[in-house]
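Asker: Just to be clear, the model below is a prediction. Sequence and coordinates:
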Amino acid sequence: MGNHLPTRMTHLGLTLRLALADLRFERVASLCQIIGLAALLVPLLILLGIKNGVLTDRTTALLQNPESLRLTIARTAAYPRALIDSLSGDPDVRFVAPHPVVLAVVSDFAGTAPGAPVVPRVSLLATGLGDPYLPADSAAPGPGEVWLSASLAGGLGASPGDRVTALMPPKSGEPDGGALDFTVAGVIPAGTWGRVGALLNEADLFLIQDWTDGHVQGADLDPLRGNTTPRETFPSIRLYAASVPAAFRLVDRLAAEGVPVGASLEEARALADLDHALTSSFRVVAGVGLVGYAAAFAASLWNNIGRKRRAISLLRLGGLGRAPAALLPVLQAAGIATLGWGTALLTYAAGAHLLNATLGPSLDLDGPVTRLGPSDIAASATAAMAVALAASVWAAIAVTRITPQQGIDDG
């Protein structure tokens with residue numbers, strides 16, 4: 001076995017040199033095949049790059065707007081704590097929290113200093129870790145703490161550490177309304193939440209709603225904080241999906257569990273339709289182009305073997321084995337694929353730069369119009385090599401049928 005290995009390596013080296021020499025000799029035909037492969041790959045790379053660039057930008061914008069992936073529970077019911085716990089562990093869920101009613105909970109807000117301004121009809125929501133309105137890595141407010149929207153903080157002139165008060169209007173027949181004091185834990189960045197609103201601890205939000213519904217009494221609600229009975233069911237749920245596909249899966253899951261969802265997913269649906277259209281277009285163009293090129297390339301390699309049948313037969317007669325001889329078209333195809341792919345990548349880089357410079361400003365994208373990641377580049381190289389090697393199979397089989405005797409007979 002040790003004596004056979006050097007011989008095999010020698011034959012393989014000889015085959016490689018012969019394959020490269022033939023490519024140089026047939027330089028015009030080789031150049032045409034390289035250009036042909038590059039001409040096929042460049043549009044595919046640009047189409048894939050545009051798909052990645054546009055979709056990445058649109059998806060990023062969508063995820064930065066939590067309302068785009070908010071699922072609205074359409075009916076008030078007694079939703080168990082177990083459902084909320086189950087949703088919080090679902091990877092399709094970005095954030096979930098209980099909510100007292102289908103519509104918004106509102107109250108007035110004021111600073112605690114004398115003569116402080118009052119901001120009417122502030123929207124109140126229960127919050128927690130992972131709330132899309134809270135800055136990343138921010139701690140959720142505990143009892144007695146509140147995060148203010150930028151517009152509410154501006155209206156109150158409040159900043160973190162200040163004291164503010166939620167004011168509920170008097171009930172029918174009663175002289176005084178309710179009040180619940182808070183410490184400002186933080187201010188939500190402008191543009192994240194466009195409403196005049198406040199994010200509260202779950203217990204504080206339900207305490208305000210209980211007072212509004214008449215379940216608790218008294219004008220000062222501060223002593224009641226922490227003294228209410230823990231809830232096991234909730235009238236509604238505040239729910240946000242983790243991604244566009246996740247939103248549609250959640251709608252199906254909740255519908256199967258009997259939870260009606262009035263999701264407003266127009267932006268998500270439009271993005272999904274765009275993804276489907278671009279993906280389908282890419283697959284059709286790539287499939288037709290690669291199959292067509294493979295067929296033409298296979299015919300070219302087979303024709304080249306037919307023209308050089310006598311030369312290959314003489315090489316066989318001189319001691320070149322059948323397997324090394326069969327590698328001739330395979331190595332040629334691999335060389336053409338490598339050069340064609342490299343040419344395509346360089347051409348794509350130039351085209352991408354031009355597209356980003358000309359179309360980027362008009363499309364108002366935050367990132368480049370077209371982009372390819374390392375996995376995309378690796379996939380394109382794999383596809384080019386796979387097509388070339390598949391095309392070489394026919395020619396390799398033809399080589400195995402050439403015998404040394406044919407060289408003598410033809411001579």
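Answerer: Everything's here; your move. Numbers count the residues shown, from 1 in each chain.

Asker: where in the stretch 51-200 of the chain is pLDDT low?
Answerer: Within the stretch 51-200 of the chain, the set of residues satisfying pLDDT under 70 comprises 62-63, 102-103.

Asker: Helices of that one, residue ranges please.
Answerer: 81-88, 150-156 (DSSP state H, counting those that start in this stretch).

Asker: Pretty sure residue 224 sits against residue 207.
Answerer: Yes: judged on Cβ atoms under 8 Å, residue 224 makes contact with residue 207 at a distance of 6.2 Å. Where C-beta positions appear, they are placed from N, C-alpha and C, glycine not excepted.

Asker: Check the contact lists of the two and give me the overlap.
Answerer: residue 216 (Cβ atoms under 8 Å, 6 or more residues apart in numbering).

Asker: Who has more neighbours out of the two?
Answerer: residue 207 (26 against 16; other Cβ atoms under 10 Å).

Asker: so who does the more buried one touch?
Answerer: Taking Cβ under 8 Å, 6+ apart, one finds 180, 216, 221, 224-225, 228 in contact with residue 207.

Asker: Which of those fall within strands?
Answerer: Using DSSP state E, the subset of the contacts of residue 207 located in strands is residue 180.

Asker: Make JSON lines from the contacts of residue 207 and add distance to residue 44 to it.
Answerer: As requested, the contacts of residue 207 are arranged in JSON lines below (distance: Cβ to Cβ, whole Å):
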{"residue": "180", "distance to residue 44": "61"}
{"residue": "216", "distance to residue 44": "65"}
{"residue": "221", "distance to residue 44": "64"}
{"residue": "224", "distance to residue 44": "65"}
{"residue": "225", "distance to residue 44": "62"}
{"residue": "228", "distance to residue 44": "62"}
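
Asker: from the contacts of residue 207, which is closest to residue 187?
Answerer: For the contacts of residue 207, the residue nearest residue 187 by Cβ to Cβ is residue 180; the value is 19.3 Å.

Asker: Touching, that closest one and residue 166? I think so.
Answerer: Yes: with contacts counted by Cβ under 8 Å, residue 180 reaches residue 166, the gap being 4.7 Å.

Asker: Looking at the two, which is more packed in?
Answerer: Counted by other Cβ under 10 Å, residue 180 and residue 166 do not tie: residue 166 has more neighbours, with 25 against 22.

Asker: Quick check: the more buried one touching residue 109?
Answerer: Yes: contact status for residue 166 versus residue 109: in contact at 5.9 Å, counting by Cβ under 8 Å.

Asker: can you list residues touching both of these two?
Answerer: Joint contacts of residue 166 and residue 109 (Cβ under 8 Å, 6+ apart) are 122, 198.

Asker: shared neighbours of residue 180 and residue 166, anything?
Answerer: What both residue 180 and residue 166 touch, as defined by Cβ under 8 Å, 6+ apart, is the set residue 208.

Asker: Please report how far the spatially closest residue to residue 98 that is not a sequence neighbour lies from residue 82.
Answerer: Computed as Cβ to Cβ, 6 or more residues apart in numbering, the closest residue to residue 98 that is not its neighbour in sequence is residue 234, at 3.7 Å. Distance from residue 234 to residue 82, counting by Cβ to Cβ, to the nearest Å: 11 Å.

Asker: between these two, who's got more neighbours?
Answerer: residue 234 (23 against 10).

Asker: Residue 85 versus that one, what's the distance?
Answerer: To residue 85, residue 234 is 12 Å away according to Cβ to Cβ.

Asker: Could you do residue 299 as well?
Answerer: 63 Å.

Asker: Of those two, which one has the most company?
Answerer: Taking other Cβ under 10 Å, residue 299 and residue 85 do not tie; residue 299 has more neighbours (13 against 10).

Asker: tell me the domain boundaries of the chain?
Answerer: Domains of the chain are assigned by automatic domain parsing as 4-62+271-410, 69-265.

Asker: how long is the last one end to end?
Answerer: Meaning domain 69-265. 7 Å (Cα to Cα, to the nearest Å).

Asker: roughly how far is that domain from the heart of the chain?
Answerer: Mean-position distance between domain 69-265 and its chain equals 29 Å (Cα atoms, centre = their mean, to the nearest Å).

Asker: Packing partners of the one helix or strand residue 287 maps to?
Answerer: Per DSSP states H and E: residue 287 is located in helix 266-307. Packing contacts for helix 266-307, counted by 3 or more Cβ pairs under 8 Å, 6 or more residues apart in numbering; DSSP states H and E, involve helix 27-64, helix 244-256, helix 322-363, helix 374-400.

Asker: just checking, residue 71 touches residue 240?
Answerer: Yes: with contact defined as Cβ under 8 Å, residue 71 and residue 240 form a contacting pair (7.1 Å).
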